[in-house]
Structure formats: structure tokens, C-alpha cells
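1. Using only what follows, build the 3D model:
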Amino acid sequence: MVARLRRIIIISCIISVMAAVLHAEIFKPERGFSPGIEQIGGSIDNIDIANGKLHLTVPIAALPSGAGGAGYSLNLHYDSHIYDAEQLSNGTWQLTDHPGWHYDAFHYALDLETVGSQYRLNLILPDGGSHILILKGYESAKGYSDVKPNGFRANGTKAISGLVNYHTIDGSYLRVTVEANGSDVNYTLLPWNIYYPDGSYVRVNGNTVTLNNNVASVTQSGNNQQVAITNSSGKSLIINKNVTNANINTAVWVRDEVTVPSVNGGTLKYVIDWKKNTLPAGRLYNNGAGNSQLTPVHWGVAYIQLPLPGAAVAALGTEPASWSSYKFGYNDTYGELNYIRMPGGAEYNYEYILDGTGVSGNTKQAVA
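-> Presented below is the predicted three-dimensional model:
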């Protein structure tokens, strides 16, 4: 029996509300899982009833713990807020692509806002969420202080020695420390750490990311990128992106493979097929590189094939067996995800109101 679940997502009209105050500024809608806000949730999805965004967390593979370490679980995240919006001087809105899908292996960042001699640090997580960080000892409701993440003020005087401690106040209960070295250096050159309420942690030091004693590294070969996450016993979970070395500019399909050690000494392989979705022309759109184009293009996950016993891997571009795979579909207005078929056949359908209907080219109400 196939279970069918129909969920209605109410897209926030916050962009239209902001139209009067945003002039040549980028509006970035809230992304990621929102703690402290009521959610409509299923096994892999959450719908934020405050702003209508859909967020998915799809488990892919798990790396067992090594000696003296903790394990690591790899997920794919999706967020339906796939555009940033900019109001141009002529009053029109321009859309800039923001990828909807992310692996949660490597996308950690600190983003510093500067207003005069005041600073506010934001933590960006792999699910796309942004969290305002409050500097310990300089608490304020909006998160601004006169101290940079390296412990110095704008005038060059030192305010904090050693660890610069931050925390969130949005219900996520995260703590972040920046390892200041006593010099007024660019904060992006300093190691920093994230501590989660469950005891797990992430350490970022340049291009090296440590996830609970599991070290992530990246290598690039042509169009193929490999991310290896290695535990303290030397076993690795490996993400091979674009295994066919396809040209992203011309390809329609691209395949990733995730391999992880199995309990019997073998290897399990998860297959992720991505498809290029070309949307209808006629929208003022920016591809993120400063080039306006009339035909927006989005890459979306089409299938995730699981290494279940007896399951054969389908050819790239071919729908795999339903009992051993996920299937994802997208609408042809703005490219948001609108369909999931779960392994076993259960189906989820999503609808977005104000998604181009009756807007007549007015994108500010069609995108949130």
C-alpha cells in the first residue's frame, strides 16, 4: 500500500514587506533548521510555519567511531529558500541563486558584519542556517560589540586575550570559540571551534575540518572532487563528487558516490544522482557570478540509491527501483522541491502559494 501525504507550505511574503526599505541591498531569507519555532515535521522534513520554508535532512551514511573518538553521520540537507533577492535602483527585483542542497561534511563558516566600529559574528552551518553569535561579556540583544573575533578593537587595542568566546541565544545552544593568538590578524586565519549541546564538536583550522576526532580533507581532480572523512582508526567515509568527471556547464546529469566501510570488512556505496533543472525564461535572474540570464538553472538531487541487499545500481539518468531509493521532483516555476518518493513507495507532495500564480512577473511575492 502506498502512503500519500499532502503538505501545504505557506511561502512568506517577507520580501514584499521589505520592498520599501531595501534599495540595492541583498535580502537573504532564513535558511536551515530554526530552533524554537514550531515545525510541522516528518521523518526527514520540517516545515517552518513562521516563514513557510521546507527543510530536509536526508541520512546518507555513517562512519563508525575510531579508538577514543566518536562516529560521524553524513546527511544531505535541502532548504527551499533557494534564492537571495536584491532590489535594484529601478525598483525591480533580481534573484541570485543559492544552492538548495548541501552535504553536511564541510560547509562551516564564520561571517562578520561590520557597522562602523561595531561587529557581529554569524555562524553558517551546513544546513544553510545562520546563527547570530553573542560575544561573552559583551552581550547585547542584536549581537553587536566593538570587539573583532581576533580579540582586538578597531583602534588596535587588545580587548580579549586567549579564547574569544561566543554563544547563540536562538535556542540552538551552540558555543563557538576563536583561538586568538594575541595579534591583530584577520580572523579567518585563526582556528575556531563549534560545540554542540550533545557534546559533539567541530574544529576548523584553515582547510582542515575535524568532526568529533574525524578529520575531513578535500582533493580536486578535474571536475571531480573527493571529500574524505577519516576516523582515529584510519577508516574513511568518502564522498566522490562527479564520478564521471562530467562538464558541469554542458551535462544534464551528474553522479556522486559515497562509500563507507561495512561491518564485514567490505564497502557500502550510496549513489546520488543530480539533475540540471532549466526553468522557464523571463525572470530577472543572476547566476551568482554577476551575469544576468533569462533562463535560471538549478541542480537538484533526483535520486538517492541505497546499498540494500539485492538492489542493483541504475544507470545515470534512469529511475532506480522504488524499494531501494529516494526520488525527488521540483516545480517548474522557481525550481523548489515539490515531491519526494521514499524508499518503499511513500510519497510527499509540497505546494507553494504565491509561486508565480497571478504575480505576472512580480517576483518579490513569488520568492521568499
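2. what about the nearest residue to residue 321 once chain neighbours are set aside, which SS state?
-> Nearest non-adjacent residue to residue 321, counting by CB to CB, 6 or more residues apart in numbering: residue 311, 6.4 Å away. Yep, even glycine has a C-beta here, placed from its N, CA and C like the rest. Going by DSSP: H, G, I helix; E, B strand; the rest coil, the secondary structure assigned to residue 311 is coil.
3. Would you mind listing where the protein has pLDDT under the threshold?
-> For the chain, the stretches with pLDDT under 70 are 1-42, 50-51, 67-69, 84-99, 141, 220, 222, 280-296, 354-368.
4. where's the residue nearest to residue 321 relative to residue 83, distance?
-> For residue 311, the distance to residue 83 equals 36 Å [CB to CB, to the nearest Å].
5. try residue 154
-> 34 Å.
6. Compare neighbour counts for these two and give me the winner.
-> Using other CB atoms under 10 Å, the more surrounded residue of residue 154 and residue 83 is residue 83, with 29 against 14.
7. so that one sits right up against residue 334, yeah?
-> Yes - with contact defined as CB atoms under 8 Å, residue 83 counts as touching residue 334 (7.2 Å).
8. Buried residues, stretch 106-118. List them.
-> Of the residues in stretch 106-118, 106, 108, 110 count as buried by neighbour count, 16 or more other CB atoms under 10 Å.
9. burial of residue 152, as a residue count?
-> Residue 152, neighbours per other CB under 10 Å, totals 21.
10. repeat for residue 266
-> 9.
11. I'd like to know how far the most far-flung residue of the chain relative to its centre sits from residue 134.
-> The C-alpha centroid of the chain is most remote from residue 157, which lies 36.3 Å away (CA atoms, centre = their mean). To residue 134, residue 157 is 21 Å away according to CB to CB.
12. For the residue nearest to residue 321, give its distance to residue 74.
-> In terms of CB to CB, residue 311 sits 19 Å off from residue 74.
13. So residue 183 belongs to a helix, correct?
-> No - counting by three-state DSSP, residue 183 is not found in a helix; it is coil.
14. Report the contact partners of the spatially closest residue to it that is not a sequence neighbour.
-> Nearest residue to residue 183 in three dimensions, chain neighbours excluded: residue 150, at 7.4 Å (CB to CB, 6+ apart). Under the criterion of CB atoms under 8 Å, 6 or more residues apart in numbering, the contact list for residue 150 reads 164, 178, 180-181, 183-187, 190.
15. Can you show me the helices along the stretch 101-250 of the chain?
-> Shown for the stretch 101-250 of the chain, no helices are assigned by DSSP state H, counting those that start in this stretch.
16. hey, where'd the strands end up in it?
-> Remark: strands assigned in the stretch 101-250 of the chain by DSSP state E, counting those that start in this stretch are 101-103, 109-115, 118-124, 130-135, 163-167, 175-179, 192-195, 201-205, 208-211, 214-221, 224-230, 236-241.
17. contacts for the fifth one?
-> Outside of strand 163-167, the residues within contact range by CB under 8 Å, 6+ apart are 121, 123, 133-136, 147, 149-151, 174-180.
18. Please repeat the previous calculation with a cut-off of 7 Å.
-> Surrounding strand 163-167, the residues in contact under the criterion CB atoms under 7 Å, 6 or more residues apart in numbering are 121, 133-136, 149, 151, 174-180.
19. What pairs with that strand, parallel or antiparallel?
-> strand 130-135 (antiparallel), strand 175-179 (antiparallel) (DSSP bridges).
20. Run the angle between the strand ranked longest in the chain and strand 236-241 for me.
-> In the chain, with assignment by DSSP state E, the single longest strand is strand 267-278. Strand 267-278 runs at 30 degrees relative to strand 236-241, counting by axes from the mean of the first three to the mean of the last three CA atoms, to 10 degrees.
21. what's the offset of strand 267-278 from the middle of its chain?
-> Distance of strand 267-278 from its chain centroid, counting by CA atoms, centre = their mean, to the nearest Å, is 17 Å.
22. Next: stretch 259-266.
-> The answer for stretch 259-266 is 28 Å, by CA atoms, centre = their mean.
23. Please measure how far the first residue of that stretch sits from its last one.
-> 10 Å (CA to CA, to the nearest Å).
24. Then stretch 315-326?
-> For stretch 315-326, the end-to-end distance is 15 Å (CA to CA).
25. which parts of it are buried?
-> 316, 320, 322, 324-326.
26. ok, and what's touching that stretch?
-> Under CB under 7 Å, 6+ apart, the answer for stretch 315-326 is 58, 244, 253, 255, 273, 303-306, 308, 311, 314, 327, 340-345.
27. Likewise for stretch 185-196?
-> 108, 110, 112, 123, 148-150, 174-181, 201-205.
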